[in-house]
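> quick one: sequence and predicted model below, then my questions.
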Amino acid sequence: MPPRTQLSASLRELAQAQAGVLSRGQLIGHGVHRRVIVRFLADGVLGRVTPGIYSFGPGSGWLSRAWAGILLGGEGAVLGHQAAAHLLGLRKAEPDEIAVFVRVPRAPRLGWRFIRAVRRSAGDPPRTTIEETVLDLCAEADEDEMAALLADSLSQRKTTAKRLLNELNQRPVLHNRGMLREILGDVSQGAHSALERRYLVQVERAHHLPTATRQQHALRAYRSDAWYEEYRLLVELDSKLHHTGGAALRDMNRDNDHALLGLTTLRFGWADVTGIGACRAARQVAQFLMTSGWEGPLQPCPRCRLVPDSESIKIGHR
């Protein structure tokens, strides 16, 4: 029998389904002897990705590394964390380290992180479900990162608050569980970004301001972050310190159109909803609301004592 010089059709098909990678076990299982594997490597038929994992054809990109992690993880392996988030469209960037949930311990490999846990799989290559992925990432995130992640997953309609709560109820032990439940409630009520939640928690609630409606239309063409309809006040929250170009023009047009209806717009950024900036923003909002009929009073939070007395609210007679 002449020596084998190429992979069989079944192995080529398998490699194509796995982004161009094959494991040593798969090659041997298809009748390729160890000596033949060595010759394939020497002849360039195969390339070495990492010990025990080989590439065939253009198997060298990130997806190939993701499949390599699945093959290294063995039966039941599932991609998780940032790798799953990337595949699910929650993260644009391809993570350098690929997290893989495995049923039995695996030796660490540079570029792969193996986590011993059983996870349900979805898609191809196998990755955690959207709900599991969101909760896994939230368990390792700070408050603002959690709010942003939850807001993204809900606003993109990749999942629902109910499905996330159901998944959370199945995780009695989860880091940040209480905070996660609280933030999920805020996000499901319309705080569609970490910045919007900061305003809700540190400006509005902390100072006992009236509760605005969120993501509503004062004009059909525009959706506002917070609308105090009774007092004809809109609050817009800008994630960037300065808007330029087309974004600045859109903001100006929006504010002008609202002004023609007799609506006032206040705009705040990150510095205005954190620390004593949140106290200053609360005083500005309260100033307008009280001149528009809100009886108040503004309730100081523990940080308010750090705001200079010269910035205290002075209400004139209407």
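The structure has been received and is ready for your questions.

> tell me where the model's unsure across the stretch 101-250 of the chain.
Filtered on pLDDT under 70, the stretch 101-250 of the chain yields the residue ranges 221, 239-249.

> how about the helices in this structure?
For the chain, the helices defined by DSSP state H occupy 9-17, 24-29, 34-43, 62-73, 81-87, 130-138, 143-155, 161-169, 177-188, 194-198, 245-260, 276-291.

> need those helices in JSON lines (columns: mean neighbour count).
For the C-beta atoms, the positions are set from N, CA and C on the backbone; glycine is no exception. Formatted as JSON lines, those follow (neighbours: other C-beta atoms under 10 Å):
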{"stretch": "helix 9-17", "mean neighbour count": "14"}
{"stretch": "helix 24-29", "mean neighbour count": "15"}
{"stretch": "helix 34-43", "mean neighbour count": "13"}
{"stretch": "helix 62-73", "mean neighbour count": "23"}
{"stretch": "helix 81-87", "mean neighbour count": "25"}
{"stretch": "helix 130-138", "mean neighbour count": "24"}
{"stretch": "helix 143-155", "mean neighbour count": "21"}
{"stretch": "helix 161-169", "mean neighbour count": "15"}
{"stretch": "helix 177-188", "mean neighbour count": "18"}
{"stretch": "helix 194-198", "mean neighbour count": "24"}
{"stretch": "helix 245-260", "mean neighbour count": "13"}
{"stretch": "helix 276-291", "mean neighbour count": "20"}
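
> tell me which of these lies nearest to P51.
In terms of C-beta to C-beta, the element of the helices of the chain nearest to P51 is helix 24-29, at 8.5 Å.

> what packs against that closest one?
Helix 24-29 sits against helix 9-17, helix 34-43, strand 53-55, with contacts defined as 3 or more C-beta pairs under 8 Å, 6 or more residues apart in numbering; DSSP states H and E.

> how distant is the second one from the center of its chain?
Counting by C-alpha atoms, centre = their mean, to the nearest Å, helix 34-43 is centred 44 Å from the centre of its parent chain.

> quick check: mean pLDDT of it?
Mean pLDDT, computed over helix 34-43, is 93.

> relative to L27, which of the helices and strands packed on helix 24-29 is closest?
Comparing the helices and strands packed on helix 24-29 against L27 with C-beta to C-beta, the closest turns out to be helix 34-43 (5.8 Å).

> in contact with the nearest residue to L87 once chain neighbours are set aside, which residues?
Take L87 and drop its neighbours on the chain: the residue closest to it by C-beta to C-beta, 6 or more residues apart in numbering is R127, 5.0 Å away. By C-beta atoms under 8 Å, 6 or more residues apart in numbering, the contact set of R127 is 78-80, 83-84, 87-88, 121, 133.

> next, format those as a markdown table and append distance to G293.
Below are the contacts of R127 laid out as a markdown table (distance: C-beta to C-beta, whole Å):
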| residue | distance to G293 |
| --- | --- |
| V78 | 56 |
| L79 | 55 |
| G80 | 52 |
| A83 | 53 |
| A84 | 50 |
| L87 | 52 |
| L88 | 47 |
| S121 | 56 |
| T133 | 46 |
